[in-house]
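**Q** Pasting the sequence and the predicted coordinates here, then a few questions.
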Amino acid sequence: MKIYVVGIGAGSADGMTFKARNVLEKADVIVGYTVYAELVKKLFPDKEYFVSAMKQEAERCRKAVEMAKELVAGAAEFGAHRVGLQSGPDVDASLRADAKKALMDSCLEISEFARQYENLYLIIEPLDRFVHKKQLLGPIKEVVEWFAALKKDASNFYIHWDSAHEKLGGADLLESLRLSAPFLAQFHICNCVTEEGHPYRGDFHMDVGQAPDFKTWGYLTPEVGAEMLREAASFDPIDGVPRMTCALEVRSHLADDLWAKERLIRTFLMRTFDLAGISYDA
């Protein structure tokens with residue numbers, strides 16, 4: 001499940017960015033205040049909508065939890081073993097503690113519901129708070145503290161860690177991984193531009209570089225990836241997770257040669273695993 005926060009501009013087709021329109025076209029459900037939802041309905045009349053008047057935050061939270069339960073049930077029906085959730089957008093610093101408490105309560109309810117499905121667990125991905133995605137669960141030290149409290153009553157929740165968000169947040173990647181280790185079920189190695197002022201700074205799932213030098217505008221090289229793999233491979237297994245999984249996250253585009261992109265990714269990963277001294281099946 002992915003949740004996008006979309007600004008619709010003036011609500012008309014010519015007042016909306018291409019990216020906003022593209023996200024709405026792909027969405028299964030559109031949630032919003034009544035007046036804005038009615039504007040969007042003119043462009044996407046066949047979508048499923050959940051609308052409410054302003055000042056009905058509690059009702060919207062309740063609906064979000066029920067929708068999450070439906071997704072968990074659907075995932076279990078199709079044989080999935082893990083379901084991912086996100087924390088939602090950040091709020092003003094004065095409201096952050098209350099928002100985290102509300103998120104905790106929602107996660108506890110979803111956790112209890114998910115217990116009926118054997119071998120299924122839940123993951124939350126912390127995202128950057130201040131640069132691009134601007135989510136409630138951001139800085140890893142805060143996340144780990146919040147997660148330790150959650151795990152006391154929601155043992156089926158784990159962390160999905162993403163190197164791009166940690167890098168954008170200014171974290172030391174290896175230290176961030178170590179902090180996450182007690183709760184870590186899976187992680188993404190993901191390239192990004194971190195240079196302030198650069199037009200592509202942010203979590204855009206950018207390509208990795210090509211052999212032999214693997215250079216890009218981003219921070220990620222096989223050497224950096226190998227350090228993360230070695231660190232993660234040193235962690236002890238955690239209860240409830242059969243094995244930790246790792247993926248290289250790269251975005252594809254409409255004109256891409258997908259086989260060429262697969263070769264690019266595979267070449268990068270093979271080099272990374274070789275440098276880490278970890279065996280693999282080519």
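**A** On my side now, so go ahead. Numbers count the residues shown, from 1 in each chain.
**Q** Test my guess that residue 143 contacts residue 157.
**A** No - applying Cβ atoms under 8 Å as the test, residue 143 and residue 157 come out as separate, 11.8 Å apart. For glycine as for every other residue, the C-beta is placed from the backbone atoms N, C-alpha and C.
**Q** between those two, who's got more neighbours?
**A** The neighbour comparison of residue 143 against residue 157 (other Cβ atoms under 10 Å) goes to residue 143, with 25 against 22.
**Q** Counting by contacts, list what the helix or strand that one falls within packs against.
**A** Assigned by DSSP states H and E, residue 143 falls within helix 140-151. Judged by 3 or more Cβ pairs under 8 Å, 6 or more residues apart in numbering; DSSP states H and E, helix 140-151 is in contact with helix 96-114, strand 157-162, helix 173-180.
**Q** Dump the ones you listed to CSV, plus distance to residue 281 and mean pLDDT.
**A** Shown next, in CSV, are the helices and strands packed on helix 140-151 (distance: least, Cβ to Cβ, whole Å; pLDDT from 0 to 100):
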stretch, distance to residue 281, mean pLDDT
helix 96-114, 32, 94
strand 157-162, 24, 97
helix 173-180, 24, 97
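**Q** most tightly surrounded among those?
**A** Neighbour counts (mean count of other Cβ atoms under 10 Å) averaged over each of the helices and strands packed on helix 140-151 peak at strand 157-162, with a mean of 24.
**Q** residues making contact with that strand?
**A** For strand 157-162, the external contacting residues (Cβ atoms under 8 Å, 6 or more residues apart in numbering) are 84, 107, 111, 121-127, 143, 147, 150-151, 176-177, 180, 183-188, 190, 203, 238, 240-241, 249.
**Q** Can you give the contact residues for whatever helix or strand comes next after that strand?
**A** Of the helices and strands lying after strand 157-162 in sequence (DSSP H and E), the nearest is helix 163-168. For helix 163-168, contacts defined as Cβ under 8 Å, 6+ apart pick out 125-128, 131-133, 138, 140, 173, 176, 187-192, 194, 201-203, 205, 219-220, 228, 249.
**Q** 6 Å instead?
**A** 127-128, 131, 173, 176, 189-190, 192, 194, 203, 219 (Cβ atoms under 6 Å, 6 or more residues apart in numbering).
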